[in-house]
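**Q** pasting the structure only:
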């Protein structure tokens, strides 16, 4: 007789019975009866060994610690009954002057230990051993192959989290790494809803290993569900070392924007006159769908009016920021804002909205990381990426313009007085290279124009009924881009992440590392008005000797349906507009009653208006919720922020200025001007080859001589001069 039962753990090592603990198996009843009979000796399982000393999971072998002049610290938890800790540092590769040393760690009442090391030059290979005093388990904790260099922390939401697998440049990157490039870069990431946990590792090791298994419970998480739906299974038995399976590697699960930032920085620092680039450590913690409030402490949020109220506030501050604040870093990068598009964008000078919170986040992180003297610099550099046009989450173009301005605190550029030692990468012209803003494009789910059938030329298997032969040929390049690199939740997450990282890394190099080039594109300094022209001047100091270039641009196109776009749609053109009704100017209108979407709207003084005493009716659909900006603009030119007229940029007016032709206004006098504001679409949609034979990216008219796009701007025109809303100044 046999009994189907779970085997008690004492019997799992019984001869010829090798099963996993707790496994169900068929066991002879006679055997169980004899073993469990009264008086039978039952051997208790050995107790689990007590936990010994550990490093925090932020640390690991093959990691990068911040190099001199900063002091790098390591920390973790004592083991059971531990009373103290000693940290020893030895080396297998270090300067001749290095000698092994020990440090007595500081210990808190709750068993945390921390030891700060001697300032160490970049490079080398070190072993760090932590031993516990008084621990029941005397096993030491060891991390080896540790090097020193510059450590950058990358935070934000889904466009920072978007993995390399969804980057159009990933195969070029893979090949470079396998050939030995970028061996100075090492990566580490927290598990999130779009990325697995990534222990510290070299790039080549990450490219030739599988990702860590998921451990978080993410039921109901939109981004995790999308990731699972987009996942491509690894071929059975195929190691991630070649083209068929490299997309399944741990490396391809890491943040694309964070990595390409580090790659660009490495290239810029690799100066033949001084040797190779120093080690660069990249820490990625982004969480898809997160709002800025979740990355701030509740204390900081109380200082900003219109901060969102949610039970999730400070969630990632506690779990994704605080574990790293004891680790010295060179600086931070940030790519976030989509999930704040329907909140108040605000202004840092008035301590309102996103602008206030962006300033608060920079200040709070600097304070947290620099608490221990001589570790992270109190003004350590902070870089951010402005939103691509597809990051609007359904809000209208005016809201996107206000958000990009808020990301700079209302100054229109980084660095500024409220955010010193900062830098940015504009991404308004870096939407997906192969997918139109209106959707998939003429090869996927739209015809070229409204009279065309909906072509589906990239289906697998190919369906000739859905794609006529002429378009099958037309769409060869587009389909190759689509099938070669999968999208993640459509155009919301552009696959063009290398240009984002390149701009961010270039800005860091020229801001932080002494680079001589411009860190940002042409930035509004002022303007002058005559009856026939408007001359716009750009900041010469920020251009650092570069010039302003006017690229050829397509004629403005009002056709409502091209490449999948629908009304209201305005494409191409100069991206420069003027208003002629002064009372219509407003960067961000608000409802008088913040909880009533039908209540009148007003323009706050911090948004360039007269304040709550001057109101206008709420346009239907424009403000669907508190702080929201909707997607249905009014056609009333007297409404707030309406009546904008596109004008041609006719020529450069010297190396740092442009001229705008006012002839189309027929004598009307401009009262305000803006450029690249809101929904920016610089692609020529009248070209049938756009998004079929060729993509479109980084194609807007105004750039620096090295190709950096002009910073978006908006300004009133008063007494024939530009007049920006404070804190921005543009009256030169």
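**A** In hand now; what should we look at? Everything numeric here is computed off the predicted structure, so don't read it as measured data.

**Q** pull out the buried positions in stretch 712-732.
**A** Going by neighbour count (16 or more other Cβ atoms under 10 Å), the buried part of stretch 712-732 is 712-717, 722-725, 727-730. C-beta coordinates here come from the backbone N, C-alpha and C atoms, glycine included.

**Q** could I get the average pLDDT for that stretch?
**A** Stretch 712-732 carries an average pLDDT of 97.

**Q** same deal with stretch 310-317?
**A** 93.

**Q** same question, stretch 202-219
**A** Mean per-residue pLDDT for stretch 202-219: 91.

**Q** ok but residue 390 is inside a helix, no?
**A** Yes - counting by DSSP: H, G, I helix; E, B strand; the rest coil, residue 390 is located in a helix.

**Q** so it is in contact with residue 492, correct?
**A** Yes - Residue 390 lies in contact with residue 492 (Cβ atoms under 8 Å); the separation is 5.5 Å.

**Q** neighbour-wise, which of these two wins?
**A** residue 390 (22 against 19; other Cβ atoms under 10 Å).

**Q** that one - nearest residue in space that isn't next to it in sequence?
**A** Among residues not flanking residue 390 along the chain, residue 491 sits closest, at 4.4 Å (Cβ to Cβ, 6 or more residues apart in numbering).

**Q** likewise for residue 507?
**A** residue 423 (3.9 Å).

**Q** what does residue 599 give?
**A** Per Cβ to Cβ, 6+ apart, closest to residue 599 is residue 593, 3.7 Å.

**Q** pretty sure the one you found sits against residue 602.
**A** No - using Cβ under 8 Å, residue 593 makes no contact with residue 602, being 10.7 Å away.

**Q** so what's the residue count around residue 124?
**A** 18.

**Q** what's near enough to touch it?
**A** The contact partners of residue 124, by Cβ atoms under 8 Å, 6 or more residues apart in numbering, come to 91, 93-95, 98, 147-148.

**Q** what do you get for residue 731?
**A** Going by Cβ under 8 Å, 6+ apart, residue 731 touches 526, 721-724.

**Q** which parts of stretch 657-677 are buried?
**A** Across stretch 657-677, burial judged by 16+ other Cβ under 10 Å covers 657-660, 662, 665, 670-677.

**Q** switch these over to CSV; also include pLDDT.
**A** Below are the buried residues of stretch 657-677 laid out as CSV (pLDDT from 0 to 100):
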residue, pLDDT
657, 96
658, 96
659, 96
660, 96
662, 96
665, 94
670, 97
671, 97
672, 97
673, 97
674, 96
675, 97
676, 95
677, 93
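
**Q** so which of those is the closest to residue 432?
**A** Nearest to residue 432, judged by Cβ to Cβ, of the buried residues of stretch 657-677 is residue 676 at 18.0 Å.

**Q** how much space between the residue lying closest to that closest one once chain neighbours are set aside and residue 700?
**A** Spatial nearest neighbour of residue 676, excluding adjacent residues (Cβ to Cβ, 6+ apart): residue 712 at 4.2 Å. Going from residue 712 to residue 700 by Cβ to Cβ, to the nearest Å gives 10 Å.

**Q** where do the contact lists of these two overlap?
**A** Common neighbours of residue 712 and residue 700, using Cβ under 8 Å, 6+ apart, are 428, 676, 680.

**Q** phi, psi for the first one please.
**A** What it means is residue 428. phi -60, psi -20 (degrees, to the nearest 10).

**Q** likewise for the last one?
**A** Dihedral angles phi and psi of residue 680 (degrees, to the nearest 10) take the values phi -110, psi 120.

**Q** list the residues that contact the closest residue to it other than its chain neighbours.
**A** Leaving aside its chain neighbours, residue 680 sits nearest to residue 428 (4.5 Å; criterion: Cβ to Cβ, 6+ apart). Residue 428 is in contact with 386-389, 404, 676, 680, 700, 709, 712, counting by Cβ under 8 Å, 6+ apart.

**Q** can you check which strand is longest in the chain?
**A** Ranked by residue count under DSSP state E, the longest strand found in the chain is strand 141-156.

**Q** for stretch 125-140, buried residues please.
**A** For stretch 125-140, burial by neighbour count (16+ other Cβ under 10 Å) applies to 126-133, 135, 140.

**Q** ok, which pair from these is furthest apart?
**A** Across those, the longest distance by Cβ to Cβ is 23.5 Å; it joins 126 and 135.

**Q** what about residue 404, how many residues nearby?
**A** Neighbour count for residue 404, taken as other Cβ under 10 Å: 26.

**Q** tell me how many other residues crowd the closest residue in space to it that isn't next to it in sequence.
**A** Spatial nearest neighbour of residue 404, excluding adjacent residues (Cβ to Cβ, 6+ apart): residue 386 at 4.7 Å. Neighbour count of residue 386, defined by other Cβ under 10 Å: 24.

**Q** circling back: give the buried residues for the longest strand of the chain.
**A** Neighbour-count burial for strand 141-156, counted by 16+ other Cβ under 10 Å, picks out 141, 143, 145-156.

**Q** check the residues you listed against residue 332 and report the nearest one.
**A** Taking Cβ to Cβ as the measure, residue 332 lies nearest residue 153 of these, at 4.7 Å.

**Q** ok, that closest one touching residue 324?
**A** Yes - applying Cβ under 8 Å, one finds residue 153 in contact with residue 324, separated by 6.2 Å.

**Q** what residues are shared contacts of those two?
**A** With Cβ under 8 Å, 6+ apart as the test, residue 153 and residue 324 both reach 283, 285.

**Q** quick one: the helices in the stretch 101-250 of the chain?
**A** For the stretch 101-250 of the chain, helices defined by DSSP state H, counting those that start in this stretch occupy the ranges 158-161, 170-178, 203-207, 222-230.

**Q** contacts for the third one?
**A** Spelled out, that is helix 203-207. 62, 174, 177-178, 180, 182-183, 185-187, 198, 240-241, 246, 249-252, 254.

**Q** inside strands: which ones of the residues you listed?
**A** 185-187, 198.

**Q** how about the buried residues of stretch 125-140 in TSV, adding distance to residue 194?
**A** Rendered in TSV, the data for the buried residues of stretch 125-140 read as follows (distance: Cβ to Cβ, whole Å):
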residue	distance to residue 194
126	33
127	34
128	31
129	35
130	32
131	38
132	37
133	41
135	38
140	35
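
**Q** where does the protein have low pLDDT?
**A** Applying pLDDT under 70 to the chain flags the ranges 1-49, 231-245, 272-274, 437-440, 446-453, 557-571, 619-635, 637.

**Q** gap between stretch 705-721 and the chain center?
**A** Here stretch 705-721 is found 25 Å from its chain centre; the criterion is Cα atoms, centre = their mean, to the nearest Å.
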